[in-house]
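Colleague: quick one: sequence plus predicted model below, questions after.
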Amino acid sequence: MTAGRKPKAADVIDMTDGGLDSGMVDGAMEHMRAEGQALALAQQRHEQAVRTVATQLGYQLPADCTDPDLIQRDISANMRRSVEACLEVGRGLRVLKEACEHGNFVARLDVLGIEDRVARRFMQSATKFTNRATSPVLAAAGSQSKLFEMLVLDDEQLEELELTGQTGDLKLDDIATMSVKELRAALRETREEKTAVEKVLSDKNAAMDKLRAQVKRIEKLPPDETLANLQREATSITNDALGAIRGGVRQALIALNAAPDAPGKAIFMAGLIGQLQADLNGLREEFNLPDVSNAAEQQLASEVAQWAQ
């Protein structure tokens, strides 16, 4: 139909034409309304999920909007700022991941120029340090690289740093002056020391559990059980204890001794041995036993050896 031309009768659609099924039209309109409502509900739920994640992480949505484009631009701006914005980048990435449709997050990381591995560290930092935004630990870290290195610390060690200024041999004041390489080495030493201590305690607890079980077996022996049987049980328990000392405890001490020297290391190791000695001395005193650790009497030593058979 050209401009200025009056429409012909054939150009006008007659809605009363019997060829159109009004029921079908109404049904189609109702279906479209239902789809629109379902889409709006899904969008509302998605937006709420994004806002929930933002609230949990303390992330301020740009313009109070859940649009992934705005969140992405906000992340990009934070990346250009000082490293103190590192946590905000991590929070933003976590919220962006929630806001993106499945499969779109990686594409947006490409636009931001962030590798997936680095993005995970940003998000881990946000999760780990969100409740420590004013922590002296973050102030001591002072840089994104150091903050990433400190992800290896567990919550207990971070709390110890905050409260006492030190965890293991790692001091809060030193963190601020260390290079990233020095901090990485110090954290590795702290982690190795913590692992060694945990192994000593684990071996000790395992040995104690086994000893308790064996003691219970001895206690349940019938009254007419011979002294020889009791001695064999006691010898078995003692051998297990010796095995724990010569094996697990000794290996833990070897690892500690091989670690770089630091204030307090020797005292810590001596404390472990001192605890063992104190327990043994307590047993000797409890049962009024002679000290045969350096016994010169061969006869007594021979009797001890016979008990072990």
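Modeller: Received it, and whenever you're ready, just let me know what you need. Residues are numbered from 1 along each chain as shown.
Colleague: buried ones in the helix or strand where Ala255 lies?
Modeller: Under the criterion DSSP states H and E, the helix or strand holding Ala255 is helix 250-258. For helix 250-258, the neighbour count (16 or more other CB atoms under 10 Å) marks 252-253, 255-256 as buried. Quick note: C-beta positions are derived from backbone N, CA and C, even for glycine.
Colleague: then stretch 113-120?
Modeller: For stretch 113-120, burial by neighbour count (16+ other CB under 10 Å) applies to 114, 118-119.
Colleague: try stretch 64-72
Modeller: In stretch 64-72, counting by 16+ other CB under 10 Å, buried: 66, 68, 70-72.
Colleague: can you put those in a markdown table and add pLDDT?
Modeller: Below are those laid out as a markdown table (pLDDT from 0 to 100):
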| residue | pLDDT |
| --- | --- |
| Thr66 | 88 |
| Pro68 | 88 |
| Leu70 | 88 |
| Ile71 | 87 |
| Gln72 | 86 |
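Colleague: and the pLDDT at Glu303?
Modeller: At Glu303, the model reports a pLDDT of 58.
Colleague: packing partners for whatever helix or strand Ser236 lives in?
Modeller: Here Ser236, judged by DSSP H and E, is contained in helix 227-244. Secondary-structure packing of helix 227-244 (3 or more CB pairs under 8 Å, 6 or more residues apart in numbering; DSSP states H and E): helix 180-219, helix 298-307.
Colleague: what is the longest one packed up against?
Modeller: This points to helix 180-219. helix 144-149, strand 170-171, helix 227-244, helix 250-258.
Colleague: ok, and what's touching whichever strand or helix holds Gly92?
Modeller: Element membership for Gly92, per DSSP H and E: helix 86-99. Under the criterion CB atoms under 8 Å, 6 or more residues apart in numbering, residues 46, 49-50, 53-54, 57-59, 61, 66-68, 71-72, 74-75, 78-79, 105, 108, 114, 119, 122-127, 129-130, 133, 138, 144, 147 lie in contact with helix 86-99.
Colleague: just the buried subset of those, please.
Modeller: Buried, going by 16+ other CB under 10 Å: 50, 53-54, 57, 59, 61, 66, 68, 71-72, 74-75, 78-79, 105, 108, 114, 119, 122-123, 125-127, 129-130, 138, 144, 147, out of these.
Colleague: just those residues: which are in helices?
Modeller: 50, 53-54, 57, 68, 71-72, 74-75, 78-79, 105, 108, 119, 122-123, 125-127, 129, 138, 144, 147 (DSSP state H).
Colleague: which residue packs closest to Asp169, ignoring adjacent ones?
Modeller: Ala262 (4.1 Å; CB to CB, 6 or more residues apart in numbering).
Colleague: my bad, Pro263
Modeller: Asp169 (7.1 Å).
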